[in-house]
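Novice: no sequence on this one, just coordinates:
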RNA sequence: GGCGACGUAGCCAAGGGGUCAAAGGCGAGGGUCUGCAAAAUCCUUAUUCAUGGGUUCAAAUCCCAUCGUCGCCUCCA
């Protein structure tokens, strides 16, 4: 199995630290509003990869955090006149609604920054002791110059960055590249007691502290959007490796951005499409098809046209499956033969190569076509069996979409009433009988015809 | 300005030195089916991989240059 590692810039053979177990940390959202489809991408694909790893026989410990203390949360909470905790609680709960609707399995751990403040303080104190951090006023900064490989993950040179004009200048810092570990408190902000005075954690330190606490000093995969490579992940890596003196993360995985009209979808640009809206308009299957049909590291365009394409593509698979299920029923347990083994090894081959989901879908479309064209019921069952097996990591719902069922029943009721008006009771009774067969109870009343599912 | 990625059919998208006269999807055109229509199904749809050089027996795949697009360098998934 090969995984592209941002640190080395190439695909590497995947060797977990402990055979059979994968420890994986994925950067989760800052919970100050609903997530948008761009936030949903890493959530969906890394969950899918996690399940693929499980499919491949690994036991996966999967951590996804919530950043629940941050400037934007404080600002949003103050604007509403509620506490940051109340606001964060709300959007964490909304996050779970969306992620569940997207078919994402809950992580093994969902840590929140505010539950790890003690760990964070210990972490900072240890860095300070090792001379990687220094205090200025009530702030504590990480000393980048003390960490020689700073810039290795994002492939940049600290000297170039210092020369660049866009690095902020902060009087407090010894070096513009240094970053804050602990922020001295300001009025109207949540604060915690600390050796450096009242304050709160900086952004980057939380992931280092939470991952170390939950996964240990070293773990296998750290993932997130590629906009986090610098400075977030660069800084996390510096802190963690400075503290332990050991290699922290084996494989860094970063997904590409979702764009709208050639511009990155982001809350600051304002071109966002919420996951909830997308779920409502397109549904889980279309969204998953859309996200899986392009390689995770590439940028992907979000547009109604793309989504319609994904919808059509998914329906090709689902309608064939529904057709087949009507024919063979749901009992498609099969004997493992050469055909099954060959197809399975093809699937494993493409996904083992840095999770090539477009290629995986291509295999599925080929098999779906074969399912239509073959007369061999056993072969159909085998394909159906494999599709079911693979759906563990693809996460589709192949069950027919009943969204429009109510409208169809209304139409049938109308036709029945038209027949009643014509006094064509043979026809109307026939419709009522048919509806009953489908589990729909029809009741005529003075206020009109009512119906319900039995 | 610095760093990085990308440019494959009408559109989306794999491939990444020979097995490629390039997967798969969407769309489009034609056939079958059909009272009509739709659906379904079958067939067709890139001598070519941004452009120009180079390396090689061999390049979409490697190297250089040019053009174009995007991302990061500030919060961001």
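Specialist: Yes, it's here. Since this is a predicted model, take the numbers as computed values, not measurements.
Novice: What count of nearby residues applies to whichever residue of the stretch 151-300 of chain A sits closest to RNA strand B?
Specialist: Residue of the stretch 151-300 of chain A nearest RNA strand B, by Cβ to the nearest atom of the strand: residue A:225 (1.5 Å). To be clear about C-beta, it is placed using only N, CA and C from the backbone, and glycine gets the same treatment. By the criterion of other Cβ atoms under 10 Å, residue A:225 has 20 neighbours.
Novice: For the helix or strand residue A:348 falls within, list every residue counted as buried.
Specialist: Secondary structure assignment for residue A:348, by DSSP states H and E: helix A:338-352. Within helix A:338-352, the residues that count as buried by 16 or more other Cβ atoms under 10 Å are A:339, A:340, A:343, A:347, A:348, A:350, A:351, A:352.
Novice: ok, now which ones touch the fifth one?
Specialist: Neighbouring residues of residue A:348 by Cβ atoms under 8 Å, 6 or more residues apart in numbering: residue A:56.
Novice: What is the helix or strand harbouring residue A:85 packed up against?
Specialist: Per DSSP H and E, residue A:85 falls inside helix A:84-101. Applying 3 or more Cβ pairs under 8 Å, 6 or more residues apart in numbering; DSSP states H and E, one finds that helix A:84-101 contacts helix A:71-80, helix A:275-281.
Novice: Deepest-packed of these, please.
Specialist: The highest average neighbour count among those, using mean count of other Cβ atoms under 10 Å, belongs to helix A:275-281 at a mean of 17.
Novice: just to revisit the earlier point, just put the helices and strands packed on helix A:84-101 in JSON lines and tack on mean pLDDT and distance to RNA strand B.
Specialist: Output for the helices and strands packed on helix A:84-101, formatted as JSON lines (pLDDT from 0 to 100; distance: least, Cβ to the nearest atom of the strand, whole Å):
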{"stretch": "helix A:71-80", "mean pLDDT": "94", "distance to RNA strand B": "6"}
{"stretch": "helix A:275-281", "mean pLDDT": "95", "distance to RNA strand B": "11"}
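Novice: Identify the residues contacting the helix holding residue A:85?
Specialist: In contact with helix A:84-101 (Cβ under 8 Å, 6+ apart) are residues A:28-29, A:31-35, A:40, A:43, A:66, A:68-69, A:73-74, A:76-77, A:80, A:106, A:112, A:114, A:190, A:275-276, A:279, A:284.
Novice: and it with helix A:71-80, angle?
Specialist: 110 degrees (axes from the mean of the first three to the mean of the last three Cα atoms, to 10 degrees).
Novice: May I see the buried residues of helix A:84-101?
Specialist: A:84, A:87, A:88, A:89, A:90, A:91, A:92, A:94, A:95, A:98, A:99, A:101.
Novice: What are the buried residues along the next helix or strand after that helix?
Specialist: Next along the chain after helix A:84-101, taking DSSP H and E as the criterion, comes helix A:117-129. For helix A:117-129, a neighbour-count test (16+ other Cβ under 10 Å) marks A:117, A:119, A:120, A:121, A:123, A:124, A:125, A:127, A:128 as buried.
Novice: which one of the residues you listed sits closest to RNA strand B?
Specialist: Ranked by distance to RNA strand B (Cβ to the nearest atom of the strand), the buried residues of helix A:117-129 are led by residue A:120 at 15.4 Å.
Novice: give me every residue that touches that closest one.
Specialist: A:113, A:182, A:201, A:205, A:206, A:209.
Novice: Next step: those restricted to helices.
Specialist: A:205, A:206, A:209 (DSSP state H).
Novice: where do the strands sit along the stretch 201-350 of chain A?
Specialist: In the stretch 201-350 of chain A, the segments counted as strands under DSSP state E, counting those that start in this stretch are A:219-225, A:249-255, A:258-260, A:263-264, A:300-301.
Novice: Nearest to residue A:133, out of those strands?
Specialist: strand A:249-255 (20.5 Å; Cβ to Cβ).
Novice: Show me what the closest one pairs with in its sheet, parallel or antiparallel.
Specialist: With DSSP bridges as the test, strand A:249-255 is paired with strand A:219-225 (parallel).
Novice: Tell me which residues are up against the partner strand.
Specialist: Applying Cβ under 8 Å, 6+ apart, the contact partners of strand A:219-225 are A:3, A:16-17, A:22-27, A:38, A:41-42, A:46, A:211, A:232-233, A:236, A:248-255, A:257.
Novice: which among those residues end up buried?
Specialist: Buried subset of the contacts of strand A:219-225 (neighbour count, 16+ other Cβ under 10 Å): A:3, A:16, A:22-27, A:38, A:41-42, A:46, A:211, A:232-233, A:236, A:248-255, A:257.
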